[in-house]
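Novice: structural data only, the sequence is not supplied:
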């Protein structure tokens, strides 16, 4: 087994990331990331944050938010371990979001393709996680 600099083992990291993903999925159900759709938003926000800009701005914020717990789990700024934990947390959040929402996944952006109710990026995420888990374990 490889020597991780993290004080937690793989099992504890997965539990922590699953808990993080669960909480974020619940919070995301109530989020409105497009100020142009919110009547209470100031006009300057509606002017700056168009629906397209909001979509990409949210993806950047989401990636930064999910990168931090992945970094904490791996204790490495840039590594395969960090990428693995990032993909694990974001894939789990996605799956939990659709479970909590009680709806079938649908394609809401070009970068979120869905085929017969199955998000393609999540399927790719599960395949990547499965193929690389042995590497993570060492």
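Specialist: Ah, there it is. These numbers were taken from a predicted model, which means no experiment stands behind them.
Novice: could I get the full set of helices for the chain?
Specialist: Taking DSSP state H, the helices of the chain run over residues 10-29, 43-48, 51-74, 80-101, 120-137.
Novice: how about CSV for those, with mean pLDDT and distance to residue 37 added?
Specialist: For every residue, glycine as well, the C-beta is placed using N, CA and C. Formatted as CSV, these follow (pLDDT from 0 to 100; distance: least, C-beta to C-beta, whole Å):
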stretch, mean pLDDT, distance to residue 37
helix 10-29, 95, 16
helix 43-48, 88, 9
helix 51-74, 92, 8
helix 80-101, 95, 18
helix 120-137, 89, 24
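Novice: deepest-packed of these, please.
Specialist: helix 80-101 (a mean of 19; mean count of other C-beta atoms under 10 Å).
Novice: what residues does that one touch?
Specialist: Applying C-beta atoms under 8 Å, 6 or more residues apart in numbering, the set of residues contacting helix 80-101 from outside is 4, 13-14, 17-18, 20-22, 24-26, 28-29, 62, 66-67, 69-71, 73-74, 76, 104-105, 119, 121-122, 125-126, 128-129, 132-133, 135-136.
Novice: one more time with 7 Å
Specialist: Applying C-beta atoms under 7 Å, 6 or more residues apart in numbering, the contact partners of helix 80-101 are 13, 17-18, 20-22, 24-26, 28-29, 66-67, 69-71, 73-74, 76, 105, 119, 122, 125-126, 128-129, 132, 135-136.
Novice: separation between the most centrally placed residue in the chain and residue 18?
Specialist: Centroid check for the chain by C-alpha atoms, centre = their mean gives residue 90 as the closest residue, at 2.4 Å. Taken as C-beta to C-beta, to the nearest Å, the spacing of residue 90 relative to residue 18 amounts to 12 Å.
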